[in-house]
Each structure stands twice: as C-alpha cells, then as structure tokens.
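Chemist: how would this look folded up:
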Amino acid sequence: MLFIFNHLIDIYFEAVAMWLFDGAVEELPGGYDKGELSPNSPVKELKSFPQDLVLVGRSSVLIKGLSSRLGIPWSLAREWAPIGEQVLNPKSELNLGKENNRIRFKEVVSTLKKWGKGKSAGLVKKLPPPLRTRVAAIAVKIQERKERKALS
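Modeler: Now for the predicted structure:
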C-alpha cells in the first residue's frame, strides 16, 4: 500500500515538474491536464512550493505562455539540460578546479559568513528605529576600523 502511495506521489511531482519546466510535453503523467485552470491540473493539488524556485517558476510560466501564444515550442528543461550535465559530470570544465569534488573548510566558512550577514541584515531590519540607528552606528565604526587597519 505504501509503495502505491509513494508511486502516486512520484507521478504527481513528475506532472508538476513537466507542467512547470517542460512546455514541449504534450501529455502529463497520471492523466493530468496541461491547462492551469483545468479541474484536473496538477497545480490544483500543489499546497506549497520551494521558495528557491518561485522566481524560476514564475518566469518559466510567463515564457511558456508567450511561446505557446507565438506557436514556438520551448522547454526550460531542454535549455538547462547541457548545463545540468556539465555540473553533474565530475570531469567537466566546471569541476576541473576542484580537487576530487571535495568541499574545503574555507568554502564552508565563507558560506556561513555570507549566510550570517544575510540573517543579521534581516534581523536588523526588524528592530525598532532607535535600536536600528545604534546598530548602524556600531557597524559604521567597525567598518571604519577595518579600513584604517587596511591602510596601515
């Protein structure tokens, strides 16, 4: 029973991915309709969507609509396939500079710093204006010290 349920979920995700990113597909798996407003559309069952893909999804839907209206077959999946193959191929020129595809500690620290800066900027924006002013003043002082050290 669980296998059947998982299989149905897989078909649903395949249908959503094909509907969203592959405009060249004529029929969706699971008997879903391609029309967004159709009662049998896979979009009707979509409860949430990954935030990282929202802009890609919106852009894809717009381009898909334009290409459909102009009668030009277009598929984001087909356009991105060569890039995806290069990224996944460990011997491609994109991955040649990396030693055995190992992640270095320096890269992890750099990523964590960027993440921390983004989170702290979001946190500062939520502070009340008087506190935000104080935090901004402290940040300016720290930046001035760094610049003075760099000039010395």
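Chemist: for residue 26, see how far away the spatially most central residue of the chain is.
Modeler: For the chain, the residue sitting closest to the mean C-alpha position, by CA atoms, centre = their mean, is residue 52 at 3.2 Å. Distance of residue 52 to residue 26, computed by CB to CB, to the nearest Å: 29 Å. Heads up, the C-betas are built off the backbone N, CA and C, glycines and all.
Chemist: following element in sequence after the lowest-mean-pLDDT helix or strand in the chain, please.
Modeler: One helix or strand of the chain scores below all others by mean pLDDT, DSSP states H and E: helix 2-21, with a mean of 66. With elements assigned by DSSP states H and E, the helix or strand that comes after helix 2-21 is helix 54-70.
Chemist: buried residues, the next helix or strand after that following helix. List them.
Modeler: Remark: after helix 54-70, the chain's next helix or strand is helix 76-88, criterion DSSP H and E. For helix 76-88, burial by neighbour count (16 or more other CB atoms under 10 Å) applies to 76, 77.
Chemist: tell me the first helix or strand C-terminal of helix 76-88.
Modeler: helix 105-125.
Chemist: ok, and what's touching that following helix?
Modeler: 132, 135, 136 (CB atoms under 8 Å, 6 or more residues apart in numbering).
Chemist: dump it to CSV, keeping only the CA atoms.
Modeler: Extracted C-alpha coordinates of helix 105-125, given in CSV (Å, rounded to 0.1, in the frame of the first residue of the first chain):
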residue,chain,number,x,y,z
PHE,A,105,36.6,24.0,5.1
LYS,A,106,37.4,27.5,3.8
GLU,A,107,34.4,27.3,1.4
VAL,A,108,32.2,26.2,4.3
VAL,A,109,33.3,29.1,6.5
SER,A,110,32.8,31.6,3.6
THR,A,111,29.3,30.3,3.0
LEU,A,112,28.5,30.5,6.7
LYS,A,113,29.7,34.1,6.8
LYS,A,114,27.5,35.1,3.9
TRP,A,115,24.6,33.4,5.4
GLY,A,116,25.2,35.1,8.8
LYS,A,117,25.4,38.5,7.1
GLY,A,118,22.1,37.9,5.3
LYS,A,119,20.4,36.7,8.5
SER,A,120,21.7,39.6,10.6
ALA,A,121,20.7,42.2,8.0
GLY,A,122,17.1,40.7,8.1
LEU,A,123,17.2,40.8,11.9
VAL,A,124,18.4,44.5,11.9
LYS,A,125,15.5,45.5,9.6
